[in-house]
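*Asks:* What follows is a predicted structure for the sequence shown.
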Amino acid sequence: MSEGTLYDKVWNEHTVTTLPTGQTQLFVGLHLIHEVTSPQAFGMLRERDMEVAFPERTHATVDHIVPTADQSRPYADGAAEEMMSELEENVREAGIDFSDPTSGDQGIVHVIGPEQGLTQPGMTIVCGDSHTSTHGAFGALAFGIGTSQIRDVLATGCIAMEKQQVRKIEVTGELGDGVEAKDVILEIIRRLGTDGGVGYVYEYAGEAIENLGMEGRMSICNMSIEGGARAGYVNPDETTYEWLAETDAFRDDPEKFEKLKPYWESVRSDDDAEYDDVVTIDGNELEPVVTWGTTPGQGVGITEPIPAPEDLPEDKQDTARRAQEHMRVTPGETMQGYPIDVAFLGSCTNARLADLRRAAALVKGRQVHEDVRAMVVPGSQRVQTAAEEEGLKDVFEEAGFEWRNAGCSMCLGMNEDQLEGDEACASSSNRNFVGRQGSKDGRTVLMNPRMVAAAAIRGEVTDVREMKEVNVA
Amino acid sequence: MTEEIPEVDYVSGTGIPIRGNDIDTDQIIPARFMKVVTFDGLGQFAFFDLRFDDDDEPKDHPMNEDRFKDSSVMVVNANFGCGSSREHAPQALMRWGIDAIVGESFAEIFAGNCLALGIPTVTADHETISELQSWVEENPDGDIDVDVEAETVTYGGNTVDVTVDDAQRKALVDGVWDTTALMKSNARAVQETANSLPYIQSDD
Ligand code: SF4
C-alpha cells in the first residue's frame, strides 16, 4: 500500500469514517455539476424529501448541450432547452452558484473550476463526469462519479469509495519541439493500456511534467480516465501557486492565499513516499502522437508505422482489426497524409488560452485547406473573451476557422456540432470511440492542438514539426 | 428509488453474450439519447447504434435476437463500460432487463454505477468467460445462477468460481448499497471533518 503520497494525505484529511461495506466515507470539498448527469440526481433527492447538504460547496455550469452558435433562449433544440431549464430550477431552489451563459463565466466544467480558483490543492473534487480527473493538475484528488453518487454528494456532502493503489509515472528529460502534454498522455495510455490504470490513481511526476504549465498538466490529468485511472494528479508547486494567485478565489485576498499555502505544501507527496508501482518514461524520446484506431490507447508516433493487428498482444488484436476497418487505415503506413474533412479545436483537454495561442501561432498567415471544415470552440467564455482581446479570434477567422461560443460541442456531439456520415476529424479532444462525435460512421483522430491546426491547413494528418519554419507572417 | 433496499445476493436468469473488449459507454448508450431529465425509457436505446442501421432497421446483434429477448445475465469481455461516467449506460441495460453482468473486467466508474443500481458485476478469466459465452449461444434458454455471496456462477450443471469485489459483495449481500442513507446517518462526523479542513476554515 502507498504511504506518504498526496493521495494518501488528502484521502486521510477527508475521511469521515469507514462504512459497513468496508468503503470509506469521504468528505467532498467541491462538487461540480452540469446539466446532463445532475437532473436525475435532483429528482431522486426530491423523491426522498432531502435537501442539498452543502450548496455553498457546489457549483454548476452548462456545457454539454449548450449550443455554440445561436445561444438565444429558448434553445432551438427543445430537449436542450428542457435540460437547461431543469438545471436553472434545481440550482435556484438549492441556492447553488451557477456560471450560466449570461454570467460571462460559463464554460466546460473542467475549464471553469480551475479558472475561477474553485479548484485548489489538497481538495477532494467530484463531478458527474469522468474527466473530473483534470482538476488533479492542481494537486487535488478529483474523480468522476455516476448519478447515484451525485445524489449521495448532494444529500450528504460525501462519497463512498474504496482506496486505490498509487502508480507514479515519471516523465524524465525534456520534451522536444512540437511535442506537447497531449503527446505525453497519449503515449502513456498507449504503453500502459486503456485499462492499465484500473484500480490505480496516477501521480505524474518528473522533470518533463514539472516544466509544464498548468494547462499542460491539465491536459495530462484530463486523460487519466482514458488510461483506466479514475484520478490523476501532479504535486502542487510554484507553477500551481502562480496560477491560483491570479484566480477569483485569491486575487483580492492575498491573506487567504498565504493562510492556505502551508496546507498545499503539506499535501505534496513526501520525498520518501511509497508507491504501489513506478513507471518511467523518457520524455526526450517522444514525438507527436496521433491515434489510428477507435480507442485512445490505439496511438502511434507520427513517423511510426501503424501496427499490424497480428503484431499486437492477443487480447488487443480483435479490437485493432475492427478499428482499422472502421478508420480505413493500413498497417505498415504512418498516419501522415491521412485525409481529414473536419478540424475540431476544443474540449476540456485542449481548449484553454495557452492551447489556442499555440495553435494560432501556427495558423497565422495560413489558410485552412479548401476541403476542411474547421472550428475553434473555446473552453469557456473567459477563454473566449481573452482570446478575442488578444486577436486570436481574428487570426483563426482570417485563416478560415469558424469561431464558436464555449461548450463541449463536437467533443461528444450532443449539440448541433457533429460529424456527418463518415467524415474524418482531426480533434484535440480525448475520445475517438465509434460514434463519439455524433456520427456512428465518423472517424476521429486524436492529436495535440497544434497538430489539429496543421491538419486543418494541409487537409491531412501532418507532422507539425515540418511546418514551423515556413511560418512567415 | 424506493426506501426498501432489497439484498442482491443471488441473480438467476438466462444469458446474453456481448462479445468484444473495450466496449465503451458511448456504445452502450449514444450521447444523443442522453438529452433527457429522467432515466425512464432508456432501455430501448441500449446499444442502439450497434442494433439499428441508419433507417432504424435492426442489425445483427444479440439484443435483437428473439432467443435472447428475456435474458437478464449479460456475459461480456474485458474493460466493459470504459469511457464516459454516464449512469445512463447501466440504467439503459437495467431497463432493457439486465440484472447482473459477468465479464473479464469492468471499468471502475461503470462498476460503481452498476452497484448503485444493485447490479452485480462479477469477473472471471478470459477462458471461463469464453466458455460461458459459447454455452449461452448454445443454450439461450438455460439459466445462469450468479451467487454473489459464494462468488460462483452455475450454468448447465457446471459451477465456476468468479470474483466479486469485496465492498461490492458486502454491499449487495447485506443490502447496504444505498449509500445515501448510510452516509446521511453520519452527519455529525461529516461536519467535524469539514470543520477540520483548512480551506473550509478560511471560508468562514
Ligand atoms: S469537453 Fe468532452 S470530455 Fe470534456 S466534459 Fe465536455 S464532453 Fe466531456
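*Replies:* Received the coordinates, thanks.
*Asks:* What sits closest to A:Trp169 if chain neighbours are left out?
*Replies:* Just to correct that, residue A:169 is Ile rather than Trp. A:Val279 (5.0 Å; Cβ to Cβ, 6 or more residues apart in numbering or on different chains). All C-beta spots, glycine's among them, are computed from the backbone N, C-alpha and C.
*Asks:* That neighbour sits in which helix or strand?
*Replies:* Using DSSP states H and E, the element containing A:Val279 is strand A:277-282.
*Asks:* Please identify the buried residues of stretch A:379-391?
*Replies:* A:379-384, A:386-387 (16 or more other Cβ atoms under 10 Å in any protein chain shown).
*Asks:* So which of these are in helices?
*Replies:* A:381-384, A:386-387 (DSSP state H).
*Asks:* Give me the contacts around the following helix or strand past the strand holding A:Val279.
*Replies:* Remark: after strand A:277-282, the chain's next helix or strand is strand A:289-291, criterion DSSP H and E. Contact with strand A:289-291 is made by A:182-183, A:186-187, A:190, A:298-302, A:335, A:432, A:444-447, A:451, A:461, as judged by Cβ atoms under 8 Å, 6 or more residues apart in numbering or on different chains.
*Asks:* and whatever helix or strand comes next after strand A:289-291, average pLDDT?
*Replies:* Counting by DSSP H and E, the next helix or strand C-terminal to strand A:289-291 is strand A:299-301. Per-residue pLDDT over strand A:299-301 has a mean of 98.
*Asks:* could you dump stretch B:177-187 to PDB, C-alpha only?
*Replies:* Provided in PDB are the C-alpha atoms of stretch B:177-187 (Å, rounded to 0.1, in the frame of the first residue of the first chain):
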ATOM      1  CA  TRP B 177     -25.700  -0.400  -1.400                       C
ATOM      2  CA  ASP B 178     -28.000   2.500  -0.600                       C
ATOM      3  CA  THR B 179     -25.100   4.700   0.400                       C
ATOM      4  CA  THR B 180     -27.100   7.900   0.700                       C
ATOM      5  CA  ALA B 181     -29.000   6.600   3.800                       C
ATOM      6  CA  LEU B 182     -25.800   5.100   5.300                       C
ATOM      7  CA  MET B 183     -23.800   8.300   5.000                       C
ATOM      8  CA  LYS B 184     -26.600  10.600   6.000                       C
ATOM      9  CA  SER B 185     -26.600   8.900   9.400                       C
ATOM     10  CA  ASN B 186     -23.100  10.200  10.000                       C
ATOM     11  CA  ALA B 187     -24.000  13.900   9.500                       C
END
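*Asks:* how about the residues of the stretch 201-350 of chain A that lie near chain B?
*Replies:* Residues of the stretch 201-350 of chain A lying near chain B by Cβ under 8 Å from any Cβ of the partner chain: A:225, A:228, A:230, A:256, A:259-260, A:263, A:295, A:315-316, A:318-319, A:322.
*Asks:* Just among those residues, which is most surrounded?
*Replies:* A:Ile225 (33 neighbours; other Cβ atoms under 10 Å in any protein chain shown).
*Asks:* so what's that residue up against?
*Replies:* A:130-131, A:133, A:144, B:83, B:109.
*Asks:* A:Gly228 now?
*Replies:* A:192-198, A:200, B:79, B:82, B:107-108.
*Asks:* Specify which member of these is nearest to the ligand.
*Replies:* The closest of the contacts of A:Gly228 to the ligand turns out to be B:Cys82 (Cβ to the nearest ligand atom; 13.7 Å).
*Asks:* so the closest residue to B:Thr163 other than its chain neighbours bridges to which residues?
*Replies:* Spatially, and ignoring its direct neighbours in sequence, B:Thr163 is nearest to B:Thr123 (4.8 Å; Cβ to Cβ, 6+ apart). Beta-bridge partners recorded for B:Thr123 (DSSP bridges): B:Gly103, B:Thr163.
*Asks:* what do you get for A:Thr58?
*Replies:* If you apply DSSP bridges, the partners that A:Thr58 bridges to are A:His31.
*Asks:* any idea how far it lies from chain B?
*Replies:* Here A:Thr58 is placed at a distance of 13 Å from chain B (Cβ to the nearest Cβ, to the nearest Å).
*Asks:* Give me the neighbour count for that residue.
*Replies:* Using other Cβ under 10 Å as the criterion, the residues surrounding A:Thr58 number 23.
*Asks:* ok, now which ones touch it?
*Replies:* A:Thr58 touches A:30-33, A:52, A:94, A:96-97, A:154, counting by Cβ under 8 Å, 6+ apart.
*Asks:* follow-up on the earlier one: I'd say the residue nearest to B:Thr163 and B:Ala111 touch.
*Replies:* No - using Cβ atoms under 8 Å, B:Thr123 is not in contact with B:Ala111; the gap is 9.3 Å.
*Asks:* out of these two, which sits in the busier spot?
*Replies:* B:Ala111 (25 against 21).
*Asks:* Could you find the closest non-adjacent residue to that one?
*Replies:* Per Cβ to Cβ, 6+ apart, closest to B:Ala111 is B:Thr121, 4.6 Å.
*Asks:* got the buried residues for the longest helix that chain A contains?
*Replies:* Using DSSP H, we find that the single longest helix of chain A is helix A:78-94. Across helix A:78-94, burial judged by 16+ other Cβ under 10 Å covers A:80, A:82-87, A:90-91, A:94.
*Asks:* cool, stretch A:321-339 as well?
*Replies:* Buried residues in stretch A:321-339 (16+ other Cβ under 10 Å): A:321, A:323-324, A:326-327, A:329, A:331, A:334-335, A:338.
*Asks:* circling back: out of the contacts of A:Thr58, which is nearest to the ligand?
*Replies:* Of the contacts of A:Thr58, the one sitting nearest to the ligand (Cβ to the nearest ligand atom) turns out to be A:Leu32, at 10.3 Å.
*Asks:* List the contacts of that closest one.
*Replies:* Counting by Cβ under 8 Å, 6+ apart, A:Leu32 touches A:58-61, A:109, A:113, A:118, A:125-127, A:129, A:132.
*Asks:* again, only this time at 6 Å
*Replies:* Neighbouring residues of A:Leu32 by Cβ atoms under 6 Å, 6 or more residues apart in numbering or on different chains: A:59, A:109, A:113, A:127.
*Asks:* so what's it scoring on pLDDT?
*Replies:* 98.
*Asks:* got it, and the one 4 residues further on?
*Replies:* The score at A:Val36 is 94. That number is its pLDDT.
*Asks:* What is the burial count for it?
*Replies:* Counted with other Cβ under 10 Å, A:Val36 comes out at 27.
*Asks:* Identify the residue spatially nearest to it, adjacent ones excluded.
*Replies:* Closest to A:Val36 by Cβ to Cβ, 6+ apart is A:His64, at 4.6 Å.
*Asks:* Which strands border the strand holding A:Val279, and is each parallel or antiparallel?
*Replies:* strand A:165-172 (parallel).
*Asks:* average pLDDT for the partner strand?
*Replies:* 98.
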